[in-house]
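Student: Fold the following for me, if possible:
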Amino acid sequence: MPKATFAAGCFWGVEETFRRLPGVIRTQVGYIGGKAERPTYEQVCSDRTGHAEAVEVEYDPERTSYEALLDVFWNAHDPTQVNRQGPDIGTQYRSAVFYHDESQREAAEASRRALETSGSPRRPIATEIVPASTFWRAEEYHQQYLAKRGASGCHLP
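Tutor: Now for the predicted structure:
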């Protein structure tokens with residue numbers, strides 16, 4: 001099954017958003033885009049490893065498309081914020097699409113252009129579109145964190 005990797009702030013809420021979608025086979029949260037090997041949550045939160053909190057989505061292309069996942073990504077967070085989402089601040093909370101192949105890169109760039117020309121965001125889009133690097137699975141207690149607690153989101157009202 002193909003994979004898609006997205007960073008859009010705190011990975012707990014991002015995972016829950018994607019986990020519920022038809023066609024999504026599996027999700028896992030972790031760290032990507034940094035320089036340390038096998039980073040821990042504490043290291044990533046120090047804002048010194050360069051990793052983003054991200055969700056890796058395994059999906060069935062017969063039931064959903066990469067483009068549909070991109071639509072969910074753009075609508076699940078504020079892609080105009082730099083290194084933050086809501087109350088969470090730091091490079092680990094940046095907005096990014098980590099593409100796994102050329103077709104994903106092209107689709108991500110086309111979807112960003114469509115969003116930019118739609119007039120919907122009132123500020124420039126800050127989302128990075130970069131090649132996927134090693135995805136380091138986060139500690140087990142972070143996996144499906146909100147589902148384990150019966151919560152649907154982690155943003156403050």
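
Student: quick one, strands of this protein?
Tutor: In the chain, the strands defined using DSSP state E lie at 3-8, 24-32, 52-59, 84-85, 88-89, 95-99, 128-131, 136-137.

Student: Quick one, which of these gets closest to residue 105.
Tutor: The closest of the strands of the chain to residue 105 is strand 95-99. By Cβ to Cβ, the value is 4.3 Å. In short, each C-beta sits where N, CA and C put it, glycine included.

Student: Tell me what angle that closest one forms with strand 52-59.
Tutor: For strand 95-99 against strand 52-59, the angle by axes from the mean of the first three to the mean of the last three Cα atoms, to 10 degrees is 50 degrees.

Student: List the buried residues of strand 95-99.
Tutor: 95, 96, 97, 98, 99 (16 or more other Cβ atoms under 10 Å).

Student: if we can go back for a sec, the strands of the chain into a markdown table, with extra columns for mean pLDDT and distance to residue 111?
Tutor: Below are the strands of the chain laid out as a markdown table (pLDDT from 0 to 100; distance: least, Cβ to Cβ, whole Å):
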| stretch | mean pLDDT | distance to residue 111 |
| --- | --- | --- |
| strand 3-8 | 98 | 12 |
| strand 24-32 | 98 | 18 |
| strand 52-59 | 98 | 15 |
| strand 84-85 | 92 | 19 |
| strand 88-89 | 92 | 24 |
| strand 95-99 | 98 | 9 |
| strand 128-131 | 98 | 9 |
| strand 136-137 | 98 | 26 |
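
Student: could these go into JSON lines alongside distance to residue 150?
Tutor: Formatted as JSON lines, these follow (distance: least, Cβ to Cβ, whole Å):
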{"stretch": "strand 3-8", "distance to residue 150": "22"}
{"stretch": "strand 24-32", "distance to residue 150": "17"}
{"stretch": "strand 52-59", "distance to residue 150": "19"}
{"stretch": "strand 84-85", "distance to residue 150": "22"}
{"stretch": "strand 88-89", "distance to residue 150": "21"}
{"stretch": "strand 95-99", "distance to residue 150": "27"}
{"stretch": "strand 128-131", "distance to residue 150": "33"}
{"stretch": "strand 136-137", "distance to residue 150": "23"}
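
Student: Perfect, that will be all.
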